[in-house]
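1. Output the structure for:
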Amino acid sequence: MKTLTLLFCLALTTCQSTKNSASTIDIQSPDYKAYKTQKHRFMLNGCELTYNEQPFYIGMPLNKVITMLGKESKTYRTEFYPGDSKRYYWEPIGIEIIGSNTLVEDIYIYIKNTYDSDFTGTSILGNKSVILNNQLLTQTEKMHEYVKKAGISFEDFRLSNSGYSKEYICKNDILTYDIDSRLDRERIGSGHLYTSGDWLLENTNQINYIHIYKKEK
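-> As a prediction, this is how the structure comes out:
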């Protein structure tokens with residue numbers, strides 16, 4: 001009986017591993033090969049963030065970021081930012097960082113090309129593809145397409161009209177990923193007399209950017 005139980009457990013583990021392996025990146029795919037040829041490559045895997053295979057992180061000294069990315073193309077600050085915090089933009093690379101004069105506080109990785117003429121006057125070039133949670137996300141993919149390809153579920157995220165949120169426990173901190181992408185609900189009724197139904201999870205939109213920050217305790 002113990003032998004049969006062990007064989008059953010081994011078989012179950014093998015099946016589970018096979019299921020999970022379906023969500024790994026196909027390194028032979030044209031999309032992955034295109035990603036590897038990009039001049040700027042971001043990998044966003046929960047607690048592990050890299051740029052061109054070099055680690056970067058919330059709390060990283062800004063001078064190290066500048067050494068890695070080069071001099072920022074633009075900065076922006078308003079009186080609403082606490083202390084000496086301001087925004088740093090690397091427009092051709094598709095990244096924005098909010099930081100003090102010394103440390104990184106927030107990271108924005110842009111997927112969609114973004115132009116902000118009202119306030120910052122920035123013109124950010126979105127990344128054609130990034131690796132998000134060990135799966136390739138391309139610029140043209142909608143969120144439901146990415147979720148299906150990654151073999152995950154919308155239940156892994158907190159949903160809102162503005163997008164999707166997921167938290168990761170990283171040693172003593174909690175890291176939050178906010179994925180900016182409009183998410184619509186079913187509309188029940190007409191005119192002003194309507195209610196919102198279920199999320200339209202088979203009719204999602206492309207991703208604008210991924211905002212990464214440390215959750216306040």
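2. and the closest residue to Glu96 other than its chain neighbours, how many neighbours?
-> Among residues not flanking Glu96 along the chain, Tyr108 sits closest, at 4.1 Å (CB to CB, 6 or more residues apart in numbering). (C-beta placed from N, C-alpha, C; glycine too.) A total of 21 residues lie near Tyr108 under the criterion other CB atoms under 10 Å.
3. who touches Tyr108 in this structure?
-> Shown in contact with Tyr108 (CB atoms under 8 Å, 6 or more residues apart in numbering): 95-98, 209-212.
4. Which phi and psi values does it adopt?
-> phi -120, psi 120 (degrees, to the nearest 10).
5. Can you give me the distance of it to Asp178?
-> In this view, Tyr108 and Asp178 are 9 Å apart by CB to CB, to the nearest Å.
6. swap in Ala34?
-> Relative to Asp178, Ala34 is positioned 26 Å away (CB to CB).
7. can you pull out the helices in this structure?
-> Applying DSSP state H to the chain gives helices spanning 2-21, 30-37, 62-69, 143-150.
8. For these, which has the smallest mean pLDDT value?
-> Lowest mean pLDDT within those: helix 2-21, at a mean of 35.
9. Relative to Gly126, how far out is Gly99?
-> Distance from Gly99 to Gly126, counting by CB to CB: 21 Å.
10. The two: which is more packed in?
-> Neighbour count, other CB under 10 Å: between Gly99 and Gly126, Gly99 has more, with 22 against 18.
11. Where does pLDDT dip in the chain?
-> Along the chain, the model assigns pLDDT under 70 to residues 1-23, 189-194, 217.
12. 50 - rerun?
-> Applying pLDDT under 50 to the chain flags the ranges 1-22.
13. Around Phe80, count how many other residues there are.
-> Applying other CB under 10 Å, we find 6 other residues in the vicinity of Phe80.
14. Check Lys86 too.
-> Neighbour count of Lys86, defined by other CB under 10 Å: 15.
15. thought it was touching Thr75?
-> Yes. Between Lys86 and Thr75 a contact is recorded at 5.6 Å, counting by CB atoms under 8 Å.
16. picking that back up, how far away is the residue nearest to Glu96 from Gly126?
-> Distance, Tyr108 to Gly126, using CB to CB: 11 Å.
17. joint contacts of those two?
-> Shared contacts of Tyr108 and Gly126 (CB under 8 Å, 6+ apart): Tyr209.
18. ok, now which ones touch Asp198?
-> Listed by CB under 8 Å, 6+ apart, the contact set of Asp198 reads 185-186.
19. Now do the same contact list for the closest residue to Gly70 other than its chain neighbours.
-> Counting by CB to CB, 6+ apart, the nearest residue to Gly70 once its immediate chain neighbours are dropped is Trp90, at 7.2 Å. Neighbouring residues of Trp90 by CB under 8 Å, 6+ apart: 69-70, 72-73, 96.
20. All set, thanks.
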